[in-house]
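Trainee: From the sequence below, what's the structure:
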Amino acid sequence: MEVQSVKTNESEARLQSLINANQPQNRKKWAHSYKEEGKKVVGIIDHYIPEEIIEAASMLPFHVSGTWSSITPLAAVYRPANTCRYCSHVLESILSGEVDFLDSLIGTDWDDDTRRLVDVLQALGKPLLAPLVHVPHQADERAYRFFARVLRKDVIEKLEEIGGMKITDSALRAAVALYNEMRLLLRQVYEFRKREVPPLSGKEYLGLTTAAMVMPKRIYVEELRSLMAYIETRKCNVSSKKPRVLVASDRLDNPAYLDLIEEAGCLIAMDDLDTGSRYFWKQVELDYSDPVYNLAKGYLNRLPCPRMFHWDRQVEQVIAWVKEFRIDGIIHFPQIYSYPRILLSPFFAEVLRKEGIPATTVTREYHLSNVGQIRTRVQAFLEMLS
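Mentor: Prediction:
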């Protein structure tokens, strides 16, 4: 019995280490290890950039989180207050030297604010891989072929230049296989959310997915695979009697927000987040004819986000999850001044209303802020559900 207890404690410690990998005090250690080995680290500020290409170049793909500080004095010189907070906090991280280990940054036109962020980085002489990587707003054959050309010219060729090595098709296929294993493992962990009492809280689920964005994938996959048996039997300290909610947002990488929501008296049983379910939900097909085309198609066909021109598909997916995960209500949680999500809000709310699905919209900052106001709004919604 004592041996079993020791094993449980060891597994829990390893799980917590994985969950907390993207905390500010931890997220840079794998990047520093890469640098010490003479390898390169490439920063990503858009989830539509295929990490597998960076992996195939023997570099570390690193999703840049913004500083979680309440102020951004350095970024304020270049960005107005009424612009995307994520972009401002990312700029603050870059200007403050928090991510000086990056050998290059990949910026895209995810939205106008991200485009402006890239403009500032370019003007300041930061190491951008390409002036701007264009990501199509559609997911059809023409878009797949165009995005594949963009990836070859603005990502693969540039990575080959800075890395001094050819990115081969076989290396891309191996990277896709590794990442597909990660996606499969995370899908299995998310299956446990269908239980009356999931093994992880909403905060822990977000910590687990964002850990994959800063760790070497092989290390992450090996650790998560070895912990699967423990996670499956783990007992989470939540009540099955609480309302089950789904949280929908973008660029939400601070688990403290989900902790705040659950502390108000609910169970986050599913999420619609680019840092959560949308990051891993769909596999990239391993068609051996053209792995770059497969990556372009796979990433454009990720679960829809507000910047893509198919809002109906995004809401349909949320509605499907409501039934599958037995969701009682939805918390639409847009970041202030994140215009793609805010523009989606009326359509999102109207479709859910017609389906008879309770939902509320609560705006937030990027960094943890307005805690009392958010708690009050969420509690009022939960009372309505009760």
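
Trainee: going forward, measure contacts between C-alpha atoms and count neighbours the same way
Mentor: Noted.

Trainee: So which elements touch whichever strand or helix holds residue 181?
Mentor: Secondary-structure element containing residue 181, defined by DSSP states H and E: helix 169-191. Packed against helix 169-191, as judged by 3 or more CA pairs under 8 Å, 6 or more residues apart in numbering; DSSP states H and E, are the following elements: helix 51-56, helix 217-233, helix 277-280, helix 291-300.

Trainee: Go through those helices and name the closest to residue 330.
Mentor: Among the helices and strands packed on helix 169-191, the nearest to residue 330 by CA to CA is helix 277-280 (15.1 Å).

Trainee: buried set for that closest one?
Mentor: Of the residues in helix 277-280, those with enough neighbours to count as buried (16 or more other CA atoms under 10 Å) are 277-280.

Trainee: before we move on, what about stretch 300-313?
Mentor: Going by neighbour count (16+ other CA under 10 Å), the buried part of stretch 300-313 is 300-308.

Trainee: Then stretch 287-297?
Mentor: Judged by neighbour count (16+ other CA under 10 Å), stretch 287-297 contains these buried residues: 291-297.

Trainee: same check, this time on stretch 53-71
Mentor: Per 16+ other CA under 10 Å, stretch 53-71 contains these buried residues: 53-68.

Trainee: just stretch 340-359 next, same as before
Mentor: Of all the residues in stretch 340-359, those buried under the rule 16+ other CA under 10 Å are 340-342, 344-345, 348-349, 352, 357-359.

Trainee: how near is the residue nearest the centre of the chain to residue 207?
Mentor: Among the residues of the chain, the smallest C-alpha distance to the mean C-alpha position (CA atoms, centre = their mean) belongs to residue 275, namely 1.8 Å. Using CA to CA, to the nearest Å, one obtains 9 Å as the distance from residue 275 to residue 207.

Trainee: Check residue 263 too.
Mentor: Residue 263 sits 17 Å away from residue 207 when distances are taken as CA to CA.

Trainee: which one of these two has more residues nearby?
Mentor: Higher neighbour count among residue 263 and residue 207: residue 207, with 25 against 14, using other CA atoms under 10 Å.

Trainee: Using the three-state scheme, assign the more buried one.
Mentor: Taking DSSP: H, G, I helix; E, B strand; the rest coil as the rule, one finds residue 207 in the helix state.

Trainee: residues in contact with it?
Mentor: When the contact criterion is CA atoms under 8 Å, 6 or more residues apart in numbering, the partners of residue 207 are 18-22, 255.

Trainee: Same check on residue 48?
Mentor: 135, 299-300 are the contacts of residue 48 under CA under 8 Å, 6+ apart.

Trainee: and if you look at residue 53?
Mentor: The contact partners of residue 53, by CA under 8 Å, 6+ apart, come to 155-156, 167, 172, 175.

Trainee: Not counting sequence-adjacent ones, nearest residue to residue 82?
Mentor: With CA to CA, 6 or more residues apart in numbering as the measure, residue 337 is the residue that lies nearest to residue 82, at 6.3 Å, once sequence neighbours are left out.

Trainee: is it true that the one you found touches residue 87?
Mentor: No. Between residue 337 and residue 87 no contact is recorded; they are 10.5 Å apart, counting by CA atoms under 8 Å.

Trainee: Can you measure across stretch 198-216, start residue to end residue?
Mentor: Distance between the two ends of stretch 198-216: 27 Å, counting by CA to CA.

Trainee: how about the strands of the stretch 51-200 of the chain, start to end?
Mentor: 60-63, 104-106 (DSSP state E, counting those that start in this stretch).

Trainee: would you list those strands in a markdown table and tack on distance to residue 243 and mean pLDDT?
Mentor: A markdown table is the format used below for the strands of the stretch 51-200 of the chain (distance: least, CA to CA, whole Å; pLDDT from 0 to 100):
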| stretch | distance to residue 243 | mean pLDDT |
| --- | --- | --- |
| strand 60-63 | 32 | 98 |
| strand 104-106 | 40 | 97 |
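
Trainee: how about those strands, which one is nearest residue 287?
Mentor: Going by CA to CA, the one of these nearest residue 287 is strand 60-63, 23.0 Å.

Trainee: ranges for the helices of the stretch 201-350 of the chain?
Mentor: According to DSSP state H, counting those that start in this stretch, the stretch 201-350 of the chain carries its helices in the segments 202-211, 217-233, 256-263, 277-280, 291-300, 311-324, 339-354.

Trainee: can you put the ones you listed in JSON lines and add distance to residue 250 and mean pLDDT?
Mentor: Written out in JSON lines, the entries for the helices of the stretch 201-350 of the chain read as follows (distance: least, CA to CA, whole Å; pLDDT from 0 to 100):
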{"stretch": "helix 202-211", "distance to residue 250": "12", "mean pLDDT": "98"}
{"stretch": "helix 217-233", "distance to residue 250": "22", "mean pLDDT": "98"}
{"stretch": "helix 256-263", "distance to residue 250": "13", "mean pLDDT": "97"}
{"stretch": "helix 277-280", "distance to residue 250": "10", "mean pLDDT": "98"}
{"stretch": "helix 291-300", "distance to residue 250": "16", "mean pLDDT": "97"}
{"stretch": "helix 311-324", "distance to residue 250": "13", "mean pLDDT": "96"}
{"stretch": "helix 339-354", "distance to residue 250": "7", "mean pLDDT": "95"}
